[in-house]
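# Give me coordinates for this.
(one chain, ligands or ions: 2)
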Amino acid sequence: MSLLRGFTFILVISVISCVAQVRSYMMSDVKQLLEDKLTDYNRDIRPMLNQTEDLILDIHMEVAAIVEFDEVNQKIIITAPMILQWSDESLVWNPADYGGVDELIVKSRHFWTPSVILTNTFTAMTPIGGGADIDLVIKSNGGVTLNSPDVFSATCDPDVTYFPWDKHTCTLLFLHTNPYTNHVILRTNSTKAGTAYYAPHRAWDLEDTEVKISAGGAHYEVSLHLRRRPLFVIVNLIAPVILLSFLNVLTFLTPTETGERLSYSITILLAIAVFLTIVGDDLPKISSPMSVFSYYLLAVLSLSCFIIFATFYSLNLYHMDENKEVTGLWKSIAILLKRRYSVKVEPDSSEPPDLAENKLADVDTEKKVTKGPFDFNSATEAPNITWKELSKLVDRVCFVVCLAVLLLGSTMFFSLLNAAAF
Ligand SMILES: *[C@@H]1O[C@H](CO)[C@@H](O)[C@H](O)[C@H]1NC(C)=O
Ligand SMILES: *[C@@H]1O[C@H](CO)[C@@H](O)[C@H](O)[C@H]1NC(C)=O
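Ligands and ions are numbered 1, 2, ... in the order given. Purely as a prediction, here's the structure:
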């Protein structure tokens, strides 16, 4: 085994020295070559011997990282090395004439370079590799490669409809611009941007990339498909709002005698309003598309308002003059409900509201509330109903209705949202 390894080692060494031998050339060779090539070279002229022909510019983007995606300000920043390749017909040489030099690495300021710019940029439009004094790799056949590590900040229209399961497509549009625009044709060798060096982002997944050449070789478009990682929003926003909205319904189970009902429901309304503000800060301030989640929050807030309204009403009923009789529509509805209700719930005597009733009976002994509001035995007779009973009944009905609306509404909303987003 070690023999084999030693053998491989020797083989590798000899291959390396062999290659090195072929590529061994002196600085003077390179100097000579560069001097010869710079003589009579004009970097302002498109490097085609026949100037009526088009120059083909191969362009390729490697996405290295998403630095930031700011959907509120509609901006994406990425780091992405761009590889530009073209053929400079005046830079062809015979390596044998220069001691075997087959590759020249020089600063781009000496030779012609294309000027490809990002059009939907947030900053000044500088050509790729134009700002920096970047290296060109020139082969003896005239092939030139420019590898420019760039940071692009581009505008991006976010689509937050399905927040926090939202997906966005950001398109970076490049084009070649200089006096020779019509004679430089962009070309690319793949339909996707390279992601070999991509470092994942913590908040956004890069799902896919798409690359296309459009406008007859004038435009190079790179589309990045981003998807939010929703866990953060679910834990910090959605779960608390859902929990709060369920707490909200408990208002109806709070005994009226405690005097806490209004302050309780208003506290929860305020808490929900705070979350509404937070969501507002996290979303772009645009009216279309609106986030469906904002509507959900609005619905929760409306429900909360309704609960406060109903609480007011129930409190008013509770404190009505006992000497006045409950009459008219209210009475018939109450009796109807009472009957229905008693038939259903009779066997279950351990319900919390029942406990509340018992307590009520203790407190109001002198007031002759002899019948509990849910005195089921009397439900079959045509009973008289007091305001307090009516108030309790309203509470019960509101509790059941609100809970049902909340459960059904939330389940439907989130399953629909989930289905639509995927
Ligand atoms: C230059 O290119 C054009 C277009 O390809 C061609 O028609 C023309 O003959 C070429 N001229 C020379 C001198 O080769
Ligand atoms: C496309 O060209 C670039 C630059 O030369 C290269 O790095 C990349 O591997 C090529 N991709 C394909 C699919 O050939």
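# Tell me where this structure has strands.
55-61, 65-70, 75-87, 103-107, 116-118, 135-139, 143-155, 167-176, 184-187, 204-214, 219-228 (DSSP state E).
# Check the gap between Y264 and L247 for me.
Per CB to CB, to the nearest Å, Y264 is found 9 Å from L247. No exception for glycine: its C-beta is placed from N, CA and C like everyone else's.
# Looking only at neighbour counts, state which of those two leads.
Y264 (18 against 15; other CB atoms under 10 Å).
# Could you report the pLDDT at V241?
We have a pLDDT of 90 for V241.
# Pull the number of nearby residues for it.
V241, neighbours per other CB under 10 Å, totals 22.
# Not counting sequence-adjacent ones, nearest residue to it?
Closest residue in space to V241, ignoring its immediate chain neighbours: F275 at 5.1 Å, by CB to CB, 6 or more residues apart in numbering.
# ok, that neighbour - contacts?
Applying CB atoms under 8 Å, 6 or more residues apart in numbering, one finds that F275 lies in contact with L237, P240, V241, L244, L297.
# what about the first one, neighbour count?
Other residues within reach of L237, judged by other CB under 10 Å, total 19.
# For it, which residues are in contact?
P164, F275, I278, V279, D282.
# my read: the first one touches R228, true?
Just to be clear, that refers to P164. Yes - look at P164 against R228 with CB atoms under 8 Å: they come within range, at 5.7 Å.
# For F152, give its distance to K75.
On the measure of CB to CB, F152 and K75 end up 11 Å apart.
# the more surrounded of these two?
Using other CB under 10 Å as the criterion, F152 and K75 rank with F152 on top: 22 against 16.
# Which strand residues bridge that one?
Taking DSSP bridges as the rule, F152 bridges to I78.
# Please work out which residue of this protein is closest to ligand 1.
N50 (3.5 Å; CB to the nearest ligand atom).
# Would you map out the domains in this structure?
According to automatic domain parsing, the chain comprises the domains 27-228, 232-421.
# Mean pLDDT lowest where, among these?
domain 232-421 (a mean of 77).
# if you look at stretch 81-92, does any of it touch ligand 1?
No - on the criterion CB under 6 Å from any ligand atom, stretch 81-92 is out of touch with ligand 1, staying 11.8 Å away.
# Run the contact check for that stretch versus ligand 2.
Yes - on the criterion CB under 6 Å from any ligand atom, stretch 81-92 is in touch with ligand 2 at I83, Q85.
# so how far is the first residue of that stretch from its last?
26 Å (CA to CA, to the nearest Å).
# rewinding a little: quick one: the residue nearest to V241 from L269, how far?
11 Å.
# Give me every residue in the stretch 151-300 of the chain lying close to ligand 1.
Counting by CB under 6 Å from any ligand atom, no residue of the stretch 151-300 of the chain is near ligand 1.
# could you pull out the helices for the stretch 201-350 of the chain?
231-233, 239-249, 261-282, 292-318, 328-345 (DSSP state H, counting those that start in this stretch).
# What residues are recorded as beta-bridge partners of the most centrally placed residue in the chain?
Residue closest to the average C-alpha location in the chain (CA atoms, centre = their mean): R228, at 3.6 Å. Under the criterion DSSP bridges, R228 forms beta bridges with W204.
# Surely it is in contact with W204?
Yes - counting by CB under 8 Å, R228 sits close enough to W204 to count as a contact (6.2 Å).
# mind listing what's buried in stretch 70-77?
By neighbour count on 16 or more other CB atoms under 10 Å, the buried set for stretch 70-77 is E71, Q74, K75, I76, I77.
# contacting residues for A196?
So A196 contacts E62 (CB under 8 Å, 6+ apart).
# and the closest residue to A310 other than its chain neighbours, how many neighbours?
In space, and not counting its chain neighbours, A310 is closest to C398: 4.7 Å by CB to CB, 6+ apart. By other CB under 10 Å, 20 other residues sit near C398.
# pretty sure C398 contacts N248?
No - at 11.4 Å, C398 and N248 do not qualify as touching, with contact defined as CB under 8 Å.
# what touches both of these two?
Joint contacts of C398 and N248 (CB under 8 Å, 6+ apart) are I307.
# K75 touches C156, doesn't it?
Yes - look at K75 against C156 with CB under 8 Å: they come within range, at 6.6 Å.
# Now the common contact residues for these two.
Common neighbours of K75 and C156, using CB under 8 Å, 6+ apart, are F69.
# Now for A96: which residues touch it?
A96 touches nothing, counting by CB under 8 Å, 6+ apart.
# how close does it sit to V30?
Distance from A96 to V30, by CB to CB: 15 Å.
# Straight-line length of stretch 191-203, end to end?
So stretch 191-203: terminal residues 26 Å apart, CA to CA.
# Can you point out the buried residues in it?
In stretch 191-203, residues buried by neighbour count (16+ other CB under 10 Å) are A193, G194, Y198, H201.
# next one: stretch 282-290
In stretch 282-290, counting by 16+ other CB under 10 Å, buried: D282, L283, P284.
# Without its sequence neighbours, what residue ends up closest to the first one?
Excluding its sequence neighbours, the residue lying closest to D282 (CB to CB, 6+ apart) is V72, at 7.1 Å.
# Dihedrals phi and psi, that neighbour?
phi -70, psi -40 (degrees, to the nearest 10).
# show me the residues around it that make contact.
Neighbouring residues of V72 by CB under 8 Å, 6+ apart: D281, D282, L283, P284, K285.
# So which bits of the longest helix seen in the chain are buried?
Identified as the longest helix of the chain according to DSSP state H is helix 387-421. The neighbour-count check on helix 387-421 (16+ other CB under 10 Å) flags 387-399, 402, 406, 410, 413-414, 417, 421 as buried.
# pretty sure I385 is touching V326, no?
Yes - under the criterion of CB under 8 Å, I385 makes contact with V326 at 5.0 Å.
# and for the two, which residues touch both?
In contact with both I385 and V326: A334, using CB under 8 Å, 6+ apart.
# for ligand 2, what are the nearby residues on the stretch 1-150 of the chain?
So the stretch 1-150 of the chain meets ligand 2 at H60, I83, Q85 (CB under 6 Å from any ligand atom).
# Thought V144 was touching the second one, still the case?
Which is I83. No - with contact taken as CB under 8 Å, I83 and V144 are classed as non-touching, separated by 11.2 Å.
# quick one, which of the two is more surrounded?
Per other CB under 10 Å, whichever of I83 and V144 has more neighbours is V144, with 22 against 15.
# Which strand residues bridge that one?
If you apply DSSP bridges, the partners that V144 bridges to are W86, I138.
# I figured it hits I138, correct?
Yes - between V144 and I138 there is a contact at 5.2 Å, judged by CB under 8 Å.
# Many thanks, I have nothing further to ask.
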